[in-house]
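> I would like the atomic coordinates for the input below:
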Amino acid sequence: MKHLVDAKWLNMRLKQTNLVIFDAGMLRPSAAGEYSPVAMLPKAQRFDIKKELADPSNPLPNTLCSAEQFTQVMQKAGVNHDSLVVIYEDAGLFSAARAWWMFKAMGFDNVKVLSGGLAKWLELGLPIESNYTQTSLKGDFIAQYRPDYFIDKKQVLRATEDANTVILDARAYGRFTGKSSEPRAGIRSGHIINSYSLPLTSLLENGEAKSLDFIQAKFSELVGNATHLQFSCGSGVTACALALFADECGYSNLSVYDGSWSEWGADNSLPIAVCG
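Model (predicted):
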């Protein structure tokens, strides 16, 4: 695959001077406390989706920070315009793709996601560290924001009536149908009208992507001849994994609904649907 790399591939490149590694793991909505991985990869730095790289003025969780904020944090991490960035997380593929999509949205394309994350790295007995890496070298990366990568509820609402756009929901099927309650208080159950269910878990096995042929078949079944794909989930995190897989399958015109169900499900003016 173009964007997913394996642990052996990354281990062979640890000595590359332009390599920057980020741990983008995060707590799940139902978890409590602080994110604390059992170990870190060599050269790893923290990529904090929930706080440092989120919009502090937005009450919704995990929403995208400004280009200026992203630039400042990435320069502090030593990211240059010619860096090779690899993202991983502790739990296979949940939030790493969000960091990957954020880099793409900020105009940086030489970014990969580690398949299997920390769990696979540990399974192979590869070198680890007990602390994150600290760098004193300031990078020269400057974000160039691409506005089509993240979209708002108005754009999604218009898409619900557009035959050329397909909206795919990465949440568990029970949440999509409305038969399972939402993990966040005050959120309606159900899904965006005219959207389709494509649970991220259905595309994974032991935290790694299933075969590209399998993933392509799943997308083809739902997308048909649509020319634009929009992705939603609970809070804009796992939707980015669907965007990653869609890109791997060769689709273009991809957008992630940043507010996702945290926004849509809380807004009674927005239409929802339930199944059965």
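> contacts, neighbours, all on C-alpha from now
Will do.
> So which residues of the chain form helices?
Ranges of helices within the chain are 7-11, 67-76, 96-105, 117-123, 153-159, 173-177, 212-223, 239-248, 260-264, based on DSSP state H.
> Now do the contacts for the residue nearest the centre of the chain.
Centroid-nearest residue in the chain: R98, 2.1 Å away (criterion: CA atoms, centre = their mean). For R98, the contact set (CA atoms under 8 Å, 6 or more residues apart in numbering) comprises G236, V237, T238, A239, C240, A241.
> need the residues you listed in CSV with neighbour count, distance to T133 and pLDDT, can you?
Converted to CSV, these look like this (neighbours: other CA atoms under 10 Å; distance: CA to CA, whole Å; pLDDT from 0 to 100):
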residue, neighbour count, distance to T133, pLDDT
G236, 27, 28, 97
V237, 29, 25, 96
T238, 26, 26, 96
A239, 31, 29, 98
C240, 31, 26, 98
A241, 25, 26, 98
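> Let me know the closest of these to R13.
Nearest to R13, judged by CA to CA, of those is A241 at 24.1 Å.
> before we move on, back to that, JSON lines for the contacts of R98, including distance to Q69?
Output for those, formatted as JSON lines (distance: CA to CA, whole Å):
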{"residue": "G236", "distance to Q69": "19"}
{"residue": "V237", "distance to Q69": "19"}
{"residue": "T238", "distance to Q69": "22"}
{"residue": "A239", "distance to Q69": "22"}
{"residue": "C240", "distance to Q69": "20"}
{"residue": "A241", "distance to Q69": "23"}
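> which stretch among the helices of the chain comes nearest L41?
Among the helices of the chain, helix 117-123 comes nearest to L41, with 7.5 Å by CA to CA.
> Show me what the closest one packs onto, helices and strands only.
helix 7-11 (3 or more CA pairs under 8 Å, 6 or more residues apart in numbering; DSSP states H and E).
> For the helix it packs on, what does the pLDDT average out to?
Helix 7-11 comes out with an average pLDDT of 97.
> Give me the below-cutoff pLDDT ranges for the stretch 151-276 of the chain.
Applying pLDDT under 70 to the stretch 151-276 of the chain picks out residues 276.
> what does the stretch 1-150 of the chain give?
Within the stretch 1-150 of the chain, the stretches with pLDDT under 70 are 29-30, 32.
> Number of residues surrounding the residue lying closest to E89 once chain neighbours are set aside?
Leaving aside its sequence neighbours, E89 sits nearest to G25 (CA to CA, 6 or more residues apart in numbering; 4.2 Å). Counted with other CA atoms under 10 Å, the neighbours of G25 add up to 27.
> any idea how far G25 lies from V113?
Look at G25 and V113: by CA to CA, to the nearest Å, they are 12 Å apart.
> joint contacts of these two?
Common contact partners of G25 and V113 (CA under 8 Å, 6+ apart): Y88, A96.
> Got the phi and psi for R146?
Here the main-chain torsion angles of R146 (degrees, to the nearest 10) amount to phi -110, psi 100.
> That one - how many residues pack around it?
Using other CA under 10 Å, the number of residues around R146 comes to 14.
> What of N11?
Residues lying near N11 (other CA under 10 Å) number 14.
> Name the nearest residue to it, ignoring sequence neighbours.
Using CA to CA, 6+ apart and skipping residues adjacent in sequence, the residue nearest N11 is L126, 7.5 Å away.
> And the helices of the chain: which comes nearest A44?
Comparing those by CA to CA, helix 117-123 comes nearest, at 11.1 Å.
> can you pull the buried residues of that closest one?
Of the residues in helix 117-123, G117, L118, A119, K120, W121, L122 count as buried by neighbour count, 16 or more other CA atoms under 10 Å.
> close enough to count as contact, the first one and V86?
If I follow you right, that is G117. No - using CA atoms under 8 Å, G117 makes no contact with V86, being 10.6 Å away.
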